[in-house]
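J.: Just to be clear, the model below is a prediction. Sequence and coordinates:
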Amino acid sequence: LTCPSGIGSRCEPFGLALNPRADRLYVSNSAADSVTVVDPANLTAVATWSLRRDGTVRTPRELAVSPDGRLLYVSNQAAGTVSILATDDGRVVAEPQVGTGPRGLGFLPDGRVVVANRESDTLTLLDPTTHQVITAATLEPGSRPVAVQVVGDPINRIYVLEQATNRVESFTFDLRPAPDIPGPIPVGAGPVAIVYDPRVQRLYVACGSDNSIWRIDLPQSSVQFTVFGPTQPNRFNSMAVYPGPSPGEALLVVTGADNQTFRNNLVGFVKVSDPTNPASAQAGDGPWGVVVFTRPASPAPPPTPTPTPGSGPSPSARPCPAPGWVCLYLPILSR
């Protein structure tokens, strides 16, 4: 999959988001101020939506699809806004101003949206109906919040990844510091991504500067170093979790590269049950976003009718279909 026609040869895809039905993948084109809609079954672009309604450069980064699949939220790093698009036709429903350099997005259980503003060191909470700012919170100056992970019942917390201070902060759904957490949770150097496995109430943090992955067990917020990533000195860019058939078989999928020379462009696979033996696969130049999902099992073919006596020879026996394939999709796009 390359830059769609009509937006130029330099699109620099950055963020990825999958809709709840897993039949549409959204890609932010950070250099073209647009979002491309992709059919994940064959990785073909079906539409490209422009985010420019005026002459303002937006530089879209991260994306998030509403739980009902009707709205797509896009953080615009250069404009300090969040574009909210209708997924049926790509029209811009609203574009509220948030903080400076917005990046990570997350949905609260009631539909509110939290935004991490990296350059202004703030969090912003958006109303799901009016799309206006409800409230905001200011973090430590220079902390550089880059990603958020919302954890619902029974934890009910927002975890914020602070890239410059190498830690994770915990907040209530009203953006107040979590009263049950004594302080920030330290992780490795230059954290870039945070994911959650609800089956074991566990967070994983990928750190780009030292290629480490850290595990945070909830609700105690106990932190543990897990593993150094595969084939250093790749710098991690993003991470996703593939749950696997059981909690002990979860797989962490990380993208990494030397973003200056575009060497060692790899996708890493880390088993949580055996993190000391990661695997890797080659990717295109500068891999960034990653999403993981499973394709439903193919339906079984209709049964072969039983011939009635005298109606002719019996049909030849056909083998039973194999169990449904579990597919791991890694749409690695050049940045």
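T.: Now that the structure is in, tell me what you want to look at.
J.: which residue ranges form the helices in the stretch 51-200 of the chain?
T.: Using DSSP state H, counting those that start in this stretch, the stretch 51-200 of the chain contains no helices.
J.: in it, which spans are strands?
T.: If DSSP state E, counting those that start in this stretch is used as the criterion, the strands of the stretch 51-200 of the chain fall at 60-65, 71-76, 81-86, 92-94, 102-107, 113-117, 122-126, 133-138, 145-151, 157-162, 167-171, 185-186, 191-197.
J.: Next, format the ones you listed as JSON lines and append distance to residue 254.
T.: Yep, even glycine has a C-beta here, placed from its N, CA and C like the rest. Output for the strands of the stretch 51-200 of the chain, formatted as JSON lines (distance: least, CB to CB, whole Å):
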{"stretch": "strand 60-65", "distance to residue 254": "17"}
{"stretch": "strand 71-76", "distance to residue 254": "21"}
{"stretch": "strand 81-86", "distance to residue 254": "26"}
{"stretch": "strand 92-94", "distance to residue 254": "32"}
{"stretch": "strand 102-107", "distance to residue 254": "17"}
{"stretch": "strand 113-117", "distance to residue 254": "20"}
{"stretch": "strand 122-126", "distance to residue 254": "25"}
{"stretch": "strand 133-138", "distance to residue 254": "29"}
{"stretch": "strand 145-151", "distance to residue 254": "14"}
{"stretch": "strand 157-162", "distance to residue 254": "14"}
{"stretch": "strand 167-171", "distance to residue 254": "17"}
{"stretch": "strand 185-186", "distance to residue 254": "20"}
{"stretch": "strand 191-197", "distance to residue 254": "8"}
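J.: Let's have those strands in CSV, adding distance to residue 47, mean neighbour count and mean pLDDT.
T.: Formatted as CSV, the strands of the stretch 51-200 of the chain follow (distance: least, CB to CB, whole Å; neighbours: other CB atoms under 10 Å; pLDDT from 0 to 100):
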stretch, distance to residue 47, mean neighbour count, mean pLDDT
strand 60-65, 14, 24, 97
strand 71-76, 12, 25, 98
strand 81-86, 11, 22, 98
strand 92-94, 14, 14, 97
strand 102-107, 21, 24, 98
strand 113-117, 23, 26, 98
strand 122-126, 25, 23, 98
strand 133-138, 29, 15, 98
strand 145-151, 27, 23, 98
strand 157-162, 31, 24, 97
strand 167-171, 36, 22, 97
strand 185-186, 40, 15, 94
strand 191-197, 27, 22, 95
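J.: Tell me which of those strands approaches residue 222 most closely.
T.: strand 185-186 (8.9 Å; CB to CB).
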